[in-house]
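> Have a look; sequence and predicted model below, questions after that.
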Amino acid sequence: MSDVADILSNVSFWVAVLRIATPLIFGTLGVLLCERAGVLNLGIEGIMVAGAFAGWLAVYAGAPLWVGVGVAALTGAVFGLLHAFLTVGLALSQHVSGLGITLLATALSYYGYRVSFPKVNTPPTVTPFAPMEWLPIPVLDAQTPLTLLALLMVPVVAYVLYRTPAGLAVRMVGENPQAAEGQGVSVAATRTGAIVGGSALMGVAGSFLTLSAFNAFFFNMINGRGWICVALVVFASWRPGKALLGALLFAFFDALQLRLQQSGDAVLPYQLYLMLPYLLSILALVLVARKASYPQALMKPYRKGER
Amino acid sequence: MRLERRHGTSRAALVLAPFGAVAFTLLVSTLLVLWAGAPVGRTYALLLQGGFGSVFAWSETLTRAVPLILTGLAATVAFKARLFNIGAEGQLYAGALAAVAVGGMHGGTGFDLPLWLLYPLMMLAAATAGALLLLGPALMKNKLGVDEVVTTLLINFIVLLGVSAMLDGPMKDPTAMGWPQSVSLQSELELGKLIAQTRVHTGLLWAGALSVIVWALFKYTVIGFDIRAVGANARAAAFAGVPVTRTVVLVALLSGALAGLAGAIEVAGRTSYVTLDMSPGYGYSGIVIAMLAGLHPLGVLAAGVFVAGELVGADTMSRAVGVPTYIADVIVAASLIAVLVATLLTQYRVRLK
C-alpha cells in the first residue's frame, strides 16, 4: 500500500491525471450535448480519429497549432452534420448510423494518412502545444492550453444548457420533441445544431492527442476512448459538472493502473491493469443504472406528424 | 425537410435504390483514388480481378468470407430482436481461444480424446464462450436498463487484453520464438480444404449451413417469430404473451455462439493458432454485412462474399498501383450508409419544405 501512497504524493501523478482526463472531458461534453438533444452519437470513436488526424495534418502542413484545433473541430462538425442528416433528417437508426460514421471517419483518416505518407516507418512529427509554465498554479502549470480550454468548456456547456434559450430548446427536444414542436421549437434544427456542436468537441478531443499529448498520428491511437466517453455520460447523469468529475475519476484510475503496472512489485500480467479502465466503465454503468435519468426521447427518431 | 410515408412502394424506387447506393459509393471511392493519384479504371479493374477474377481470387475471397458471414449472422440474429450486439469481435476471440483451449497441443500433445468427441467439444466450447460473453450485457440491458452497445464495445477491449494475457502466459506457444501466439490446434482437428492448393476450407459449408438454419429459424419456428416480435415492439410482444426476457436471453446465446463459432472455424480452418491480429475487425464488419443484407440470413451470404471480395481485391490492387488498402474500408462504410439511405427512400418520400 505504501506504493500507492508514494504514487499519490507525487505531483507528476496528478499532472498525468489531468492530461489523461482532457480528451475525455471534451469527448464527454460532446456526447452529452448530442444526447441531451435526444440523439446517441456512436460516431465519436471515428470522429476523434478524424479530428486527431485532420488537426495534426493541418499543423504538419504549416498551420499554427490553434488553426489545427479549429480544423479538428470543423472535421468533427462535418461528420456531425452527416450524422444529423441520417438520424434527424432521415430518422434512421441512431445506433447503426453512428457506427457507420465511426467506420467511415476511421477508414477515411487511415486512408488519408497512407496517401499523404505512403512510405514512412517512423511517424512524422509536429511541435505540439507547450505547457503553460507561466501559470502560478501547480499541476495546471504542466498542462497545455488545450487542457485549460477543456476545463473552461465545462461551465460554458453548463451555462448554455441551463441558462440560454438555445440550451432550453436542446433539453426540450431531448425530453419531449412533440411538445417542443408545439411550442414552435424546430426539433430538426435544434437537434442538428446540438449534434454538430457536440461532434466539433469530439474532433477537438481527438486533436488533443496529436497536438498536445503526443506529437504524431498513430493508428489505433484513440483505442476506445470514444466509447468510454459514451459510458461516462451515463455515469454523469447527463450533467456537465458530473461529466468533469467522471472524466477526472476515470483518469485517476487510469493513471494509477499505469503507475502500478510500472512499479517494481507488479505481480499480475500487465494486461490485467490495462483492463481496469474498461471494467470500471462497465461497473459505473451498472451502479448508476437504477437511477439513471435518461433524456426521455434519447434514441427515439422523431418524424414530424408521426407518433 | 420532412419525411412522408409512401403508400406502397413503386417498382421504380425498388430498382433505383440499389443503383443509387452503388453510384454514391463509387463516387466516394473514385474521388479517393484520384486523391491518391492512381489511374481510376485500372484501379477498379485490379480490385475486381483481385477479388473475383480467377479461381485463386475466388478461393481467397471465399476464405475471407467465412468469418464475415458468421459474424454477419451473429449481428443479424441480435439486431432482429433489437439487441445491439457490437461485441462480435470479442466473442470471436473468446471462441477462438476456447477452441484452442480444448483442441490445442498443450504440453506437446493436447487432450488424448477420440476425434469424434474432441471435435464437437471444441466447437461447443467456442460457441459457449461466445454465448456467455453476450449473456452478461443482454441481462444487464434487460434487468438494469444498461445500454448494451456500450457494454459490448467495452468488453471487446477487455477480451482482447485477456487473450493477450493468455498468449503471454498459460496458452503461449513455447516454440514461437517469443511471438505472442497460442499453441497450435491438434492437426486432426483442422478443417479440410475444399479446393486443393488453396486456403478455402470446409468452414464455408458451416457458414452456408448456418445461414440456412438461421433463415429457417426465423421463417418457420415460434422462436423465430418471438424474436421478430420482441424486435418490432417489446412491450406489445410482452402483452401478447411472448416471454420477452427468455427470448432476449436466447437471442444473446445464439448471437454470441455464432460469433464464437466464427473464431473456432477461423482457427481450425485457416490459422491453426490464435494471434492478436487474427481478426482485422471481422466482428465490426459483421454488423455492416448484416445491414447490407437487410437483416436477411441468406442475404448475409451474398453480402459476406461481396465485402470479402472487396477486401481481398484491395490487397491485390494496393500492391500494384499503391492505393492504400484502407479504401476497402471506406467503400464498405460508404456502402453501408448509402444502403441505409436508399432503403429508407423506398419507404419514405422526402419533401423539402
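In hand now; what should we look at?
> In three-state terms, how would B:Val350 be classified?
Put simply, B:Val350 is strand when judged by DSSP: H, G, I helix; E, B strand; the rest coil.
> May I have the residues that are in contact with it?
Shown in contact with B:Val350 (Cβ atoms under 8 Å, 6 or more residues apart in numbering or on different chains): A:Leu90, B:Met1, B:Arg2, B:Leu3, B:Glu4. (Glycine included, C-beta is placed from N, CA and C.)
> what residues are up against the first one?
Under the criterion of Cβ under 8 Å, 6+ apart, the contact list for A:Leu90 reads B:Leu3, B:Val341, B:Leu344, B:Tyr348, B:Val350.
> out of those, which are buried?
Among the contacts of A:Leu90, the ones that count as buried by 16 or more other Cβ atoms under 10 Å in any protein chain shown are B:Leu3, B:Val341, B:Leu344, B:Tyr348.
> returning to what we had before: looking at the contacts of A:Leu90, which two lie furthest apart in space?
Spatial extent of the contacts of A:Leu90 (Cβ to Cβ) is set by the pair B:Leu3 and B:Val341 at 11.8 Å.
> about what we covered before: from the buried ones among the contacts of A:Leu90, which ones fall inside helices?
Of the buried ones among the contacts of A:Leu90, the ones assigned to helices by DSSP state H are B:Val341, B:Leu344.
> Show the overlap between the buried ones among the contacts of A:Leu90 and what lies near chain A.
Among the buried ones among the contacts of A:Leu90, the ones lying near chain A by Cβ under 8 Å from any Cβ of the partner chain are B:Leu3, B:Val341, B:Leu344, B:Tyr348.
> quick one, what contacts the first one?
Pointing back at B:Leu3 there. Here B:Leu3 is in contact with A:Leu90, A:Ala91, A:Arg303, A:Lys304, B:Tyr348, B:Arg349, B:Val350, B:Arg351 (criterion: Cβ under 8 Å, 6+ apart).
> Now do the SS call for the second one.
The local conformation at A:Ala91, judged by three-state DSSP, is coil.
> Tell me which residues touch it, please.
The contact partners of A:Ala91, by Cβ under 8 Å, 6+ apart, come to A:Pro301, A:Tyr302, A:Arg303, B:Leu3, B:Leu344.
> Okay, and which of those map to strands?
Residues of these located in strands (DSSP state E): B:Leu3.
> Pick out the most distant pair among the contacts of A:Ala91.
A:Tyr302 and B:Leu344 (14.6 Å).
> Dump the ones next to chain A among the buried ones among the contacts of A:Leu90 into a markdown table; add pLDDT as well.
Shown next, in a markdown table, are those (pLDDT from 0 to 100):
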| residue | pLDDT |
| --- | --- |
| B:Leu3 | 76 |
| B:Val341 | 90 |
| B:Leu344 | 85 |
| B:Tyr348 | 81 |
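> from the contacts of B:Val350, which two are the most distant?
Pairwise distances among the contacts of B:Val350 were taken by Cβ to Cβ; the largest, 12.3 Å, belongs to A:Leu90 and B:Glu4.
> and for those two, which residues touch both?
Residues touching both A:Leu90 and B:Glu4 (Cβ under 8 Å, 6+ apart): B:Tyr348, B:Val350.
> Might you list the low-confidence residue ranges for the chain?
Looking at chain A here, since you left the chain open. Scanning chain A for pLDDT under 70 picks out A:1-2, A:264-266, A:305-307.
> To clarify, I was referring to chain B.
B:1, B:9, B:352-353.
> residue boundaries of the helices in it?
Counting by DSSP H, the helices of chain B are B:11-35, B:40-52, B:55-80, B:88-103, B:115-139, B:148-168, B:203-220, B:222-232, B:234-239, B:244-266, B:282-292, B:297-321, B:326-347.
> hey, which of the ones you listed is tucked in deepest?
Mean neighbour count (mean count of other Cβ atoms under 10 Å in any protein chain shown) peaks for helix B:88-103 among the helices of chain B, with a mean of 30.
> now for it, which elements pack on it?
With contacts taken as 3 or more Cβ pairs under 8 Å, 6 or more residues apart in numbering or on different chains; DSSP states H and E, helix B:88-103 sits against helix B:55-80, helix B:115-139, helix B:148-168, helix B:244-266, helix B:282-292.
> near chain A at all, the third one?
Just to be clear, that refers to helix B:148-168. Yes: against chain A, helix B:148-168 shows contacts by Cβ under 8 Å from any Cβ at B:149-151, B:153-155, B:157-158, B:161-162, B:164-165, B:168.
> what sits against B:Tyr44?
B:Tyr44 makes contacts with B:Val33, as judged by Cβ under 8 Å, 6+ apart.
> any idea how far the spatially closest residue to A:Thr210 that is not a sequence neighbour lies from A:Ala16?
Nearest non-adjacent residue to A:Thr210, counting by Cβ to Cβ, 6 or more residues apart in numbering or on different chains: A:Trp56, 3.7 Å away. Here the distance between A:Trp56 and A:Ala16 works out to 22 Å (Cβ to Cβ, to the nearest Å).
> who has more neighbours, those two?
Higher neighbour count among A:Trp56 and A:Ala16: A:Trp56, with 29 against 21, using other Cβ atoms under 10 Å in any protein chain shown.
> Which positions in whatever helix or strand that one lives in come out as buried?
Element membership for A:Trp56, per DSSP states H and E: helix A:44-60. The neighbour-count check on helix A:44-60 (16+ other Cβ under 10 Å) flags A:44-60 as buried.
> and it with helix B:148-168, angle?
Put simply, helix A:44-60 runs at 70 degrees to helix B:148-168, going by axes from the mean of the first three to the mean of the last three Cα atoms, to 10 degrees.
> Let me know the next secondary structure element after helix A:44-60.
Following helix A:44-60 in sequence order, the next helix or strand is helix A:65-84 (DSSP H and E).
> Just name whatever secondary elements the helix or strand following that next one is in contact with.
Sequence-wise, the next helix or strand downstream of helix A:65-84 (DSSP H and E) is helix A:94-116. Where contact means 3+ Cβ pairs under 8 Å, 6+ apart, helix A:94-116 is packed against helix A:44-60, helix A:65-84, helix B:11-35, helix B:282-292, helix B:326-347.
> just so I know, which of those lies nearest A:Tyr113?
helix A:44-60 (6.1 Å).
> From the chain's centroid, how far away is the closest one?
Offset of helix A:44-60 from its chain centre (Cα atoms, centre = their mean, to the nearest Å): 12 Å.
> Keeping just the C-alphas, turn that helix into PDB.
What follows is helix A:44-60, C-alpha atoms only, in PDB (Å, rounded to 0.1, in the frame of the first residue of the first chain):
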ATOM      1  CA  ILE A  44     -17.500   9.600 -31.500                       C
ATOM      2  CA  GLU A  45     -14.800   7.000 -31.800                       C
ATOM      3  CA  GLY A  46     -14.300   7.700 -35.500                       C
ATOM      4  CA  ILE A  47     -14.800  11.500 -35.200                       C
ATOM      5  CA  MET A  48     -12.000  11.500 -32.600                       C
ATOM      6  CA  VAL A  49      -9.700   9.600 -35.100                       C
ATOM      7  CA  ALA A  50     -10.600  12.100 -37.800                       C
ATOM      8  CA  GLY A  51     -10.100  15.100 -35.500                       C
ATOM      9  CA  ALA A  52      -6.700  13.800 -34.400                       C
ATOM     10  CA  PHE A  53      -5.600  13.200 -38.000                       C
ATOM     11  CA  ALA A  54      -7.000  16.400 -39.600                       C
ATOM     12  CA  GLY A  55      -5.800  18.700 -36.900                       C
ATOM     13  CA  TRP A  56      -2.400  17.200 -36.900                       C
ATOM     14  CA  LEU A  57      -2.200  17.200 -40.700                       C
ATOM     15  CA  ALA A  58      -3.000  20.900 -40.800                       C
ATOM     16  CA  VAL A  59      -0.300  21.700 -38.400                       C
ATOM     17  CA  TYR A  60       2.200  19.400 -40.200                       C
END
